[in-house]
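[1] Show me the folded form of this:
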Amino acid sequence: MILRYDRLAVELPKPKNPSPNDAAAIQELLGGKYGEMSTLMNYTFQSFNFRGRNRLRPFYDLTCSIAAEEYSHIEAVSYAINLLLTGQTPRGKDPVPAPLAGVADARNSYHFLSSAQTAVPYDSMGNPWTGQYVHSSGNLKLDLLHNFFLECGARANKMRVYEMVSDPCARTMVGYLLVRGGLHVVAYAKALEKLTGVEVSKLVPVPELSNDAFPEAKKLQDQQKLHLKLYTFSPDDYKQAGIIWNGTHPEDGQPLEVIQGGFEGVPYPVLEEEPQLNSPGADDYDPQMFMDIAKKMGIKM
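    As a prediction, the model looks like this:
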């Protein structure tokens, strides 16, 4: 089961230069082959389908912990996209002036036709995410090897998207993913080493593991040590992930740490209403009526 919190894993600054094209580029990190939807569903199905988990518990616990974190990555990417799209068309309820005309040539028109200027489960070119991206063979060595290269491919895409966008909101989000994705590269390398005895860490970096060239990522590493901390995303379970996630980091030699639980997080950004897209609509909703009902029921709002 998953326990959800009404908070975002990383604080995203309000965009200085909202851009539909930047939002479209970031979509690759959401619904692309190496995007966060792929990492989430790969590890989730592998954890669901894990045979022999009692004998191989450390590998199961590691996969479950990383799978749970990937949900928060989807949230972070989606909110970055949403913030970059907010306010991109003139607000109002009159359709006659064609308030969406200015985005007719936007790279990803699904942002304005299929949603209310918000994230969609597609890649940067508008292709929908597909379950064909999920690899769950049931063979532990094969699945861990796949996960290692999946994270390497995801890291390559993040680096390229970072070079495409310049807004602080977008780069903060990508920097966060570079740090946490880099941790997952190392985690799966360590898992393969424990399972096979092969020094997979000699393949790291694939690509370059250092985040020194990315200021937003380096800040998270230097100040919060987020490249060292594996979170279980459970208050009591998945403790045996620490049998794999221990020792020192291959880049800087600092000690690795397992955190029982999840990120503290920050409040979600509040997405402004976009009436020209009839979002959220519900114009007849009376908040006071529900506050009165809640008061009678003894519910705090």
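[2] So, low pLDDT: which residues of the stretch 151-300 of the chain?
    Along the stretch 151-300 of the chain, segments meeting pLDDT under 70 span 204-207.
[3] Helices of that one, start to end?
    For the stretch 151-300 of the chain, applying DSSP state H, counting those that start in this stretch gives helices covering 168-196, 215-224, 287-297.
[4] just the angle between the first one and helix 215-224, please?
    Translated: helix 168-196. Here the directions of helix 168-196 and helix 215-224 differ by 60 degrees (axes from the mean of the first three to the mean of the last three CA atoms, to 10 degrees).
[5] buried set for helix 168-196?
    Neighbour counts over helix 168-196 (16 or more other CB atoms under 10 Å) mark 168-192, 195 as buried. Any C-beta I mention is one placed from the backbone N, CA and C, and that applies to glycine too.
[6] I'd like to know which elements it is packed against.
    Using 3 or more CB pairs under 8 Å, 6 or more residues apart in numbering; DSSP states H and E, the elements in contact with helix 168-196 are helix 20-26, helix 57-85, helix 140-164, helix 215-224, strand 229-231.
[7] Of all those, which one is nearest residue 13?
    Comparison of the helices and strands packed on helix 168-196 against residue 13 by CB to CB identifies helix 57-85 as nearest, at 8.7 Å.
[8] what's downstream of the closest one, the next helix or strand?
    helix 110-113 (DSSP states H and E).
[9] before we move on, back to that, dump the helices of the stretch 151-300 of the chain into JSON lines; add distance to residue 112 as well.
    Output for the helices of the stretch 151-300 of the chain, formatted as JSON lines (distance: least, CB to CB, whole Å):
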{"stretch": "helix 168-196", "distance to residue 112": "19"}
{"stretch": "helix 215-224", "distance to residue 112": "28"}
{"stretch": "helix 287-297", "distance to residue 112": "28"}
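[10] Doesn't residue 18 belong to a helix?
    No. Residue 18: not assigned to a helix; according to DSSP: H, G, I helix; E, B strand; the rest coil it is coil.
[11] Touching, it and residue 89? I think so.
    No. Judged on CB atoms under 8 Å, residue 18 makes no contact with residue 89 at a distance of 10.7 Å.
[12] More neighbours: which of those two?
    The neighbour comparison of residue 18 against residue 89 (other CB atoms under 10 Å) goes to residue 89, with 20 against 17.
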